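*Asks:* fold the following.
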Amino acid sequence: MMRQIICISTSNYYPVPTRKQNVMNRLQDAEILYIDPPVSLLAPLKDKSTLNRLTAYKEPGKKARDNITVYAPPPVIPFFNKYRWINRINQKRLARYIKRRMIEHGFKEPYLWCYSPTSCDLVENIPNRGVIYDCVDRHSAYKGMIDPEVVDRMEADLASHADQVFCTAAGLYDTLRKYNSNTEMIPNGADYELFSRAATMPKTRGADITKPVFGFVGMLQECIDYDCMKAVAEAFPGGELVLVGRSLPGVDLSSLREYPNIRFMGLVPQNELPDIIRGFDVCLNLFQEGRLSKDVSPLKFYEYLATGKPIVSTREPLQVLDYADVVYIAENRDDFVVKCREALQEQDPAKAEKRMEYGKACSWDNRVRQMEQTLMLRGIFE
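*Replies:* Prediction:
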């Protein structure tokens, strides 16, 4: 009999695959209801593109795969990360919605696979045979309408209630282990089969292959070090800095757009990324120092490893230090430029091979297999 899993996600299933989709897509022998994050009733005031999500919960579920159905839940009352009583109201409403979907799919006691601290007030309202909390960020470090103490308390409650806790970084592990001894660190990973194609595909940069190309792939959010980007653009006026990914609301990129050698490509389908990265000379991993950056586990970093391309990174997130033998790690903005020059001059094919070995070891297949083995050994998965 197939396992029944309800994934309470913090990322929409479409269009950008994150840890949530990669994990769910690889879980064996499971029927999965993937619940997109709800939109706040105030969200359209900040981002008009979210307006249609206010009524998306009325639509039927979408088949993402034979065993995965995606649902958009009802909108929620804002300020739920500031006031716990508001979160309780929201989660009770979400529980009613999920239980209706459970009836439609014949779910009795599913596993609840949670990604948000707010689920602390949800799990007790849904019959289940096990709760898994997969923590991917320092949630209380985000800016916006939150009270860090409230978020941390909700996370502590969820972790304490969970049968198993996974997390992506050492700092998160140190925190969550205090609340649940069944905590295991499993960092993010990469679709190795897809991104390793960047090492073998023909170049597509055109006739001028002598112009250095520095590439960044990922969300353009507040924690990215844009000063380092500017430093690279200024230090290599004859080169090009390619930014692949969408910018989040509230992030001002106007100063970057003034540079003629910075190109914004916007959001690109994942299956097209290897062809684009194949044209990079150096891949960039840039994060500002801070609570959020320290404990983040960037997918882009593991995807870069899978390509074999030279990587220049800031010291944060701390996980990059585990790969210091093949990654150029900069101490500051000026050193970032120095490391970019060193990366451009790399002539050692063994480093590229080692990066790809690391990337393969960090594949999503391996990460999810490790999760399943943990759940089986603990008797959570039967």
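*Asks:* ok, for Asn188, nearest residue in space, not its chain neighbours?
*Replies:* Using CB to CB, 6 or more residues apart in numbering and skipping the chain neighbours, the partner closest in space to Asn188 is Ser297 (4.2 Å). C-beta coordinates here come from the backbone N, C-alpha and C atoms, glycine included.
*Asks:* repeat that for Asp29.
*Replies:* Nearest residue to Asp29, sequence neighbours excluded (CB to CB, 6+ apart): Met2, at 5.2 Å.
*Asks:* residues touching the one you found, list them.
*Replies:* Contact analysis of Met2 by CB atoms under 8 Å, 6 or more residues apart in numbering lists 29-31, 67.
*Asks:* report the buried members of the residues you listed.
*Replies:* Among the contacts of Met2, the ones that count as buried by 16 or more other CB atoms under 10 Å are 30-31, 67.
*Asks:* just send those residues back as a markdown table, with secondary structure too.
*Replies:* Below are the buried ones among the contacts of Met2 laid out as a markdown table (DSSP: H, G, I helix; E, B strand; the rest coil):
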| residue | secondary structure |
| --- | --- |
| Ala30 | strand |
| Glu31 | strand |
| Asn67 | coil |
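*Asks:* of all these, which comes closest to Pro269?
*Replies:* Asn67 (22.4 Å; CB to CB).
*Asks:* these two touch, right, that closest one and Gln28?
*Replies:* No - in terms of CB atoms under 8 Å, Asn67 does not count as a neighbour of Gln28; the distance is 9.9 Å.
*Asks:* and the pLDDT for Asn180?
*Replies:* Note for Asn180: predicted pLDDT of 98.
*Asks:* related to what we said a few turns ago, state the phi and psi torsions of the residue nearest to Asp29.
*Replies:* Torsion angles at Met2 (phi, psi; degrees, to the nearest 10) stand at phi -70, psi 140.
*Asks:* now Asn182
*Replies:* According to degrees, to the nearest 10, Asn182 has phi -90, psi 60.
*Asks:* what's the neighbour count on it?
*Replies:* Asn182: 15 surrounding residues under other CB atoms under 10 Å.
*Asks:* OK, contacts around the closest residue to Cys167 other than its chain neighbours?
*Replies:* Computed as CB to CB, 6+ apart, the closest residue to Cys167 that is not its neighbour in sequence is Cys135, at 4.3 Å. By CB under 8 Å, 6+ apart, the residues touching Cys135 are 115, 155, 159, 165-168, 172, 176.
*Asks:* what of Val326?
*Replies:* For Val326, the contact set (CB under 8 Å, 6+ apart) comprises 311, 351, 354-355, 358.
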